[in-house]
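Engineer: Sequence and predicted structure are below.
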Amino acid sequence: MQIYNSLTRQKEPFQPLNPEHVTIYVCGPTVYSYAHIGNARPAVVFDVLARLMRVLYKRVTFVRNITDIDDKINAAAAAAGVEIGEITSRYEQAYMEDLAALGVAPADRTPRVTEHMEDIIRAISDLIRGGHAYEAEGHVLFDVNSYPEYGRLSGRDRREMIAGARVEVAPYKRDAADFVLWKPSADDQPGWDSPWGRGRPGWHIECSAMAAAHLGETIDIHAGGSDLQFPHHENEIAQSVCWHGGKEYARYWMHNGLLNLDGQKMAKSTGNLVNIRDVLEQVPGEVARYVLLSAHYRQPLDWTDEVLAQARSTLDRVYRALEGLAEVESTDSEPSVEFMDALEDDLNTPRALAEVAELVRAANKAESDRERGAIKGQLLACGELLGLFQADPAEWFSGGADDESAEIDALVAQRQTARSNKDFATADRIRDELAARGIVIEDSADGVRWRRTG
Ligand SMILES: Nc1ncnc2c1ncn2[C@@H]1O[C@H](COP(=O)(O)OP(=O)(O)OP(=O)(O)O)[C@@H](O)[C@H]1O
Ligand SMILES: [Zn+2]
């Protein structure tokens with residue numbers, strides 16, 4: 001497997017630290033409103049990465065966090081006149097539903113910041129003790145001058161950083177590039193007791209603490225959108241390396257390119273967006289997923305009605321071929337070699353999809369059932385890795401009436417994962433959500449089933 005490492009700016013052979021266990025951390029959403037289809041890009045792309053790694057390696061631990069402490073969340077709660085927890089649980093739930101509809105498999109762990117306050121406080125205390133952070137006016141700041149390699153990931157020099165829009169200038173900072181690890185909370189803001197008074201963590205330290213808690217001091221792959229490269233990931237590296245006595249934080253950094261709408265970055269902050277749920281009103285989740293995989297993940301991608309229509313017609317072609325193969329038995333269960341080569345080449349999904357198109361052509365020309373059986377197996381195996389083509393062709397053409405069933409299946413699977421991670425709060429939330437939609441879950445000896453009531 002070759003991965004383009006944003007840290008070294010080149011493609012490198014991927015070698016996990018432990019040859020039998022790959023660890024992956026992806027920065028998840030800040031849950032204060034519905035996720036837009038740009039936010040879905042890292043979720044879908046790195047879902048394919050996880051699927052591929054699970055085929056190539058014995059064990060994979062894939063972590064995607066939920067940022068449930070943030071000033072944007074506080075503002076959203078104040079604006080709606082509700083408790084903060086109501087906002088975070090509402091939008092976390094919505095996010096999980098959206099991902100399920102896009103065929104994104106549940107992560108192995110979905111840690112929330114609120115569940116890691118002790119880890120965060122310990123990380124900050126260690127950084128102060130090590131001389132990498134200092135307290136000033138109730139804040140704790142990371143001292144960027146204590147880490148000579150600061151700026152390596154983003155390739156920025158210090159002047160550019162300070163000019164950077166997201167660096168906050170404050171009188172108590174020793175250096176304008178120093179960033180907040182902990183800040184004081186007013187009485188009406190959420191806060192936790194700490195050695196520095198009642199307050200809350202800064203965004204960057206949250207990910208460093210959760211990654212260490214779930215995956216250890218050095219992880220194999222850290223991923224997220226390219227908009228996170230600076231300052232978020234730069235700061236994560238500085239904190240984690242200094243916290244862990246110089247140990248490498250993440251060995252490979254992967255960044256997806258941005259999804260644009262009308263030539264501009266799709267973003268919540270600017271309102272230039274299409275929410276995932278609105279897309280799902282327009283097309284089946286699989287069509288949206290196909291669009292997100294149709295470009296190489298590092299390239300920018302324009303979200304247009306045209307690409308959606310193209311994706312739908314390509315999917316129709318694949319399902320038409322599968323419909324034609326309905327009567328033959330799959331005799332192969334491996335994706336084609338060319339397809340695997342494409343994915344193992346820095347997750348080249350456009351090339352992988354071109355291989356799928358080849359298979360579809362071959363299916364339409366195949367003369368014997370033996371040939372057709374092999375092609376069918378290959379097509380389905382390729383599809384499984386991409387999270388595509390798994391619907392019943394007849395249902396696909398009947399208008400996706402059963403999109404809802406697929407979504408419920410995915411939610412039930414997420415509940416199972418939550419339960420096996422002992423995350424009963426999430427498991428219960430999903431059960432309640434399904435109950436509200438008239439779906440009951442039944443745990444039986446041969447697994448979990450669901451049915452509609454009434
Ligand atoms: N337009 C986009 N294209 C691709 N990925 C994006 C885009 N916008 C955000 N992301 C990614 O989505 C994930 C979740 O991001 P998060 O919820 O923090 O977004 P945000 O910064 O609040 O949203 P926004 O950037 O829309 O204001 C991150 O990995 C981020 O890099
Ligand atoms: Zn992060």
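Structural biologist: Sure, I can see it. Ligands and ions are numbered 1, 2, ... in the order given.
Engineer: Test of understanding: give the bridge partners of the residue of the chain found nearest ligand 1.
Structural biologist: Scanning the chain for the residue nearest ligand 1 gives residue 225, at 2.0 Å (criterion: CB to the nearest ligand atom). Where you see a C-beta, it was placed from the backbone N, CA and C, and this is true even at glycine. Residue 225 has the following beta-bridge partners by DSSP bridges: residue 256.
Engineer: wait, it sits on residue 45?
Structural biologist: No: with contacts counted by CB atoms under 8 Å, residue 225 stays clear of residue 45, the gap being 9.6 Å.
Engineer: higher neighbour count, the two?
Structural biologist: residue 45 (24 against 20; other CB atoms under 10 Å).
Engineer: And what about the closest residue to residue 139 other than its chain neighbours, helix, strand or coil?
Structural biologist: Excluding the flanking residues, the one nearest residue 139 by CB to CB, 6 or more residues apart in numbering is residue 183, at 5.1 Å. Classification of residue 183 by DSSP: H, G, I helix; E, B strand; the rest coil places it in strand.
Engineer: Am I right that residue 183 is in contact with residue 196?
Structural biologist: No: using CB under 8 Å, residue 183 makes no contact with residue 196, being 9.1 Å away.
Engineer: who touches residue 25 in this structure?
Structural biologist: 63-65, 207, 210-211, 214-215, 219, 221-223, 250 (CB atoms under 8 Å, 6 or more residues apart in numbering).
Engineer: still on that earlier bit, if I look at the residue of the chain closest to ligand 1, how far off is residue 410?
Structural biologist: 23 Å (CB to CB, to the nearest Å).
Engineer: what's near enough to touch the closest residue to ligand 2 within the stretch 51-200 of the chain?
Structural biologist: Proximity of the stretch 51-200 of the chain to ligand 2 (CB to the ion) peaks at residue 65, 6.9 Å away. By CB under 8 Å, 6+ apart, the contact set of residue 65 is 25-28, 110-113, 206-207, 210.
Engineer: one more time with 7 Å, if that's ok
Structural biologist: By CB atoms under 7 Å, 6 or more residues apart in numbering, the residues touching residue 65 are 27-28, 111, 207, 210.
Engineer: same thing with residue 51?
Structural biologist: Neighbouring residues of residue 51 by CB under 7 Å, 6+ apart: 105, 385, 387.
Engineer: Quick one, which of the contacts of residue 25 are buried?
Structural biologist: 63-65, 207, 210-211, 214-215, 219, 221-223, 250 (16 or more other CB atoms under 10 Å).
Engineer: JSON lines please, covering these and showing distance to residue 201 and pLDDT.
Structural biologist: JSON lines is the format used below for the buried ones among the contacts of residue 25 (distance: CB to CB, whole Å; pLDDT from 0 to 100):
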{"residue": "63", "distance to residue 201": "18", "pLDDT": "98"}
{"residue": "64", "distance to residue 201": "19", "pLDDT": "98"}
{"residue": "65", "distance to residue 201": "13", "pLDDT": "98"}
{"residue": "207", "distance to residue 201": "10", "pLDDT": "98"}
{"residue": "210", "distance to residue 201": "11", "pLDDT": "98"}
{"residue": "211", "distance to residue 201": "14", "pLDDT": "98"}
{"residue": "214", "distance to residue 201": "17", "pLDDT": "98"}
{"residue": "215", "distance to residue 201": "19", "pLDDT": "98"}
{"residue": "219", "distance to residue 201": "20", "pLDDT": "98"}
{"residue": "221", "distance to residue 201": "24", "pLDDT": "98"}
{"residue": "222", "distance to residue 201": "19", "pLDDT": "98"}
{"residue": "223", "distance to residue 201": "22", "pLDDT": "98"}
{"residue": "250", "distance to residue 201": "20", "pLDDT": "98"}
